[in-house]
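Undergrad: below are the sequence and a predicted model for it; my questions follow.
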Amino acid sequence: MTITRFAPSPTGYLHIGGLRTALFSWLWAKKNSGKFLLRIEDTDLSRNSEAALQAILEAFDWVGMSYDGEAIYQSKRFDLYKEYIEQLLEAGKAYKCYMSKEELDKLREEQMARGERPRYDGRYRDFDGTPPEGIEPVIRIKAPQEGNIIFKDGVKGEICIAATEVDDFVIARGDGTPTYNFVVAIDDALMGMTDVIRGDDHLYNTPKQIVIYEALGFALPNFYHVAMINNEQGKKLSKRDGATDVMDYKRLGYLPEALLNFLVRLGWSHGDQEIFSVEEMIRLFDPKNINKSSSSYNLDKLLWLNAHYIKNMPNKKLATLLKAYGVEVEGHDKLELLLDATKERGKTLVALAAQINLILNDPAEYEEKDTKKAFKGEAMNYLADFAEMLVGWEKPLHTPPEYHEVLDRFVNENGIGFGKIGQPLRVALLGSMTGSGLDEIMAIIGVEETVHRINKVLKLHTL
RNA sequence: GGCCCCUUCGUCUAGCGGUAAGGAUCCCAGGUUUUCAUCCUGGUUACAGGAGUUCGAGUCUCCUAGGGGUCACCA
């Protein structure tokens, strides 16, 4: 069975890049009817926050991803790690190092001064003398001192790193708490991980973890290192580049399906296909199609995807979502008409909400330029006459075509072009010259409101 | 700096020794639309550079350049 995981450290919100690796892992597990597990990497007791964990779960929930079983907290497994440390110590595969921090710093300084790479010199590797007083020793793993550590990366191919690049790194601190690379290896092995999909920045941790796997006799999982997401300038993504918190995208009016679709195409592809439902992603995803190179993101495409998903979303669902953006239209009797008339114009839920508000409320202000253009010549007279025609209309007025008939008659009777009444009417109704179709707008707000908005304009412009 | 990884239109990407180097987005033009948007049609733009292997290279090898990652008692 395929088992994957997402292993965040709870130090902040869920990053957009983190969501992508989580998505890849999740998809791969789902595709193979396997399991996707969540592990919280909180071994650094001083940096954890419960709020951060909640933020991660909230983001997962928003995009519709969920993990199997219970989340595993590394901070609750210290006893377990201790056992493995003891085991390694007894087997002579790890040892206590009594070097003080000061000594280590001094060593590094000397090495740097000589132009060497700072690394532990192994001075306690085979130590059997009397330990110095007053030092709480750290535990170091005995890493191989020669040869290469070779592993097959599912994305990058074969990776070969000289053993000399990996020194006897610390697996337990002076206070006895285990360190990152050690617990990752233990937990991935114990949790039965078959496929580890993670960021490229972990590539150099892999040989270290392999040292642990081998010392403990664990079987290696498949590793996949996904290249980073950069900003448009090709630099590391930072807060200055805009939204990096997944939940920011919700606030900005993006749909989770659009975000996932955008993310899945960042570094992964399936031929020329651009649009993927979650079901399709699950069916089609395969890490062998993950791109080797890093990608930079560009919001244009996300915006296009978002517009696509908004356009194709059932109105009822849209109405529910819109509530979070200050638009309450669920009970509106012209709901279908209202959303049909607006959803092709709003690329985000925020923009859509603004469109809807524009129709539902009489204009708070009128665009100066459009006003000048539209309210000239006979415009005011036409508007007044049109309002009159609407009020005196004897046939029912509910649907757009019924309103269209009024407009038609008006144009014919006055012998004018559509623009003569259309432009002033649009500005009167919306406050600007762009927007949804007039027939639709009138059908949505009704005769009374239409006349009200016309009169408001007449009053303003006859002063 | 050492080590590792990467390099096709501005951006996301297809390509898996023989293609007029394809798609998407963006941008531009035209059409549809009373406006705007949608939609449709068309267009501009790319194999980082240099050697080599080969009848033939975006695809394989090497070098150069550029970019990224990593070198903790952080994760």
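TA: Received it, and whenever you're ready, just let me know what you need. Everything quoted here is computed from the prediction, not taken from an experiment.
Undergrad: switch to C-alpha atoms for all contacts and neighbour counts from now on
TA: Noted.
Undergrad: show me what from the stretch 251-400 of chain A comes close to RNA strand B.
TA: A:265-274, A:289-298, A:300-301, A:304, A:308, A:344-346 (Cα under 7 Å from any atom of the strand).
Undergrad: now do the helices in the stretch 101-250 of chain A.
TA: Taking DSSP state H, counting those that start in this stretch, the helices of the stretch 101-250 of chain A run over residues A:101-113, A:180-190, A:205-216, A:246-251.
Undergrad: which of the residues of the stretch 251-400 of chain A next to RNA strand B are buried?
TA: A:265-269, A:290-292, A:295-297, A:308, A:345-346 (16 or more other Cα atoms under 10 Å).
Undergrad: can I get the residues you listed in JSON lines with secondary structure?
TA: Formatted as JSON lines, these follow (DSSP: H, G, I helix; E, B strand; the rest coil):
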{"residue": "A:Arg265", "secondary structure": "coil"}
{"residue": "A:Leu266", "secondary structure": "coil"}
{"residue": "A:Gly267", "secondary structure": "coil"}
{"residue": "A:Trp268", "secondary structure": "strand"}
{"residue": "A:Ser269", "secondary structure": "coil"}
{"residue": "A:Ile290", "secondary structure": "strand"}
{"residue": "A:Asn291", "secondary structure": "coil"}
{"residue": "A:Lys292", "secondary structure": "coil"}
{"residue": "A:Ser295", "secondary structure": "strand"}
{"residue": "A:Ser296", "secondary structure": "strand"}
{"residue": "A:Tyr297", "secondary structure": "coil"}
{"residue": "A:His308", "secondary structure": "helix"}
{"residue": "A:Arg345", "secondary structure": "coil"}
{"residue": "A:Gly346", "secondary structure": "coil"}
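Undergrad: what sits against A:Asn357?
TA: A:Val327 (Cα atoms under 8 Å, 6 or more residues apart in numbering).
Undergrad: before we move on, back to that, nearest to A:Asp167, of the helices of the stretch 101-250 of chain A?
TA: helix A:205-216 (8.7 Å; Cα to Cα).
Undergrad: against which helices or strands is the closest one packed?
TA: helix A:180-190 (3 or more Cα pairs under 8 Å, 6 or more residues apart in numbering; DSSP states H and E).
Undergrad: can you pull the buried residues of the helix it packs on?
TA: Neighbour-count burial for helix A:180-190 [16+ other Cα under 10 Å]: A:180-189.
Undergrad: ranked by average pLDDT, which of the helices of the stretch 101-250 of chain A falls at the bottom?
TA: Note on the helices of the stretch 101-250 of chain A: lowest mean pLDDT is at helix A:101-113, with a mean of 90.
Undergrad: may I see the buried residues of that one?
TA: Quick answer for helix A:101-113 (16+ other Cα under 10 Å): A:107-108.
Undergrad: one more: stretch A:23-42?
TA: A:23-31, A:34-42.
Undergrad: now stretch A:403-412
TA: Neighbour-count burial for stretch A:403-412 [16+ other Cα under 10 Å]: A:403-404, A:406-407, A:410-411.
Undergrad: cool, stretch A:442-453 as well?
TA: Those would be A:442-445, A:447, A:449-451, A:453, for stretch A:442-453 by 16+ other Cα under 10 Å.
Undergrad: host element of the closest residue to A:Thr450 other than its chain neighbours?
TA: Setting aside the residues directly before and after it, A:Thr450 is nearest to A:Met442 in space (Cα to Cα, 6 or more residues apart in numbering), at 6.2 Å. Assigned by DSSP states H and E, A:Met442 belongs to helix A:438-461.
Undergrad: what mean pLDDT would you report for that helix?
TA: 95.
Undergrad: what helices or strands is it leaning on?
TA: helix A:335-342, helix A:349-360, helix A:379-392, helix A:400-414, helix A:418-430.
Undergrad: ok, now which ones touch A:Gly147?
TA: Here A:Gly147 is in contact with A:162-164 (Cα under 8 Å, 6+ apart).
Undergrad: on that earlier part again, out of the buried residues of stretch A:442-453, which is nearest to RNA strand B?
TA: A:Met442 (9.6 Å; Cα to the nearest atom of the strand).
Undergrad: if you skip the residues just before and after it, what's nearest to the closest residue to RNA strand B within the stretch 251-400 of chain A?
TA: Relative to RNA strand B, the nearest point of the stretch 251-400 of chain A is A:Gly267 (2.8 Å; Cα to the nearest atom of the strand). Take A:Gly267 and drop its neighbours on the chain: the residue closest to it by Cα to Cα, 6+ apart is A:Asn291, 4.9 Å away.
Undergrad: next one: A:Ala162
TA: A:Asn148 (4.3 Å).
Undergrad: neighbours of that neighbour, how many?
TA: 16 (other Cα atoms under 10 Å).
Undergrad: and A:Ile150, what does it touch?
TA: A:Ile150 touches A:158-161, A:207, counting by Cα under 8 Å, 6+ apart.
Undergrad: at 7 Å what do you get?
TA: Counting by Cα atoms under 7 Å, 6 or more residues apart in numbering, A:Ile150 makes contact with A:159-161.
Undergrad: name the nearest of the buried residues of stretch A:442-453 relative to A:Glu90.
TA: A:Ile444 (79.2 Å).
Undergrad: and the closest one, how far is that from A:Leu352?
TA: Distance of A:Ile444 to A:Leu352, computed by Cα to Cα, to the nearest Å: 16 Å.
Undergrad: pLDDT wise, what is A:Thr348 at?
TA: 98.
Undergrad: I figured it hits A:Leu305, correct?
TA: No: A:Thr348 lies out of contact with A:Leu305 (Cα atoms under 7 Å); the separation is 9.9 Å.
Undergrad: tell me where the model's unsure across the stretch 351-463 of chain A.
TA: A:463 (pLDDT under 70).
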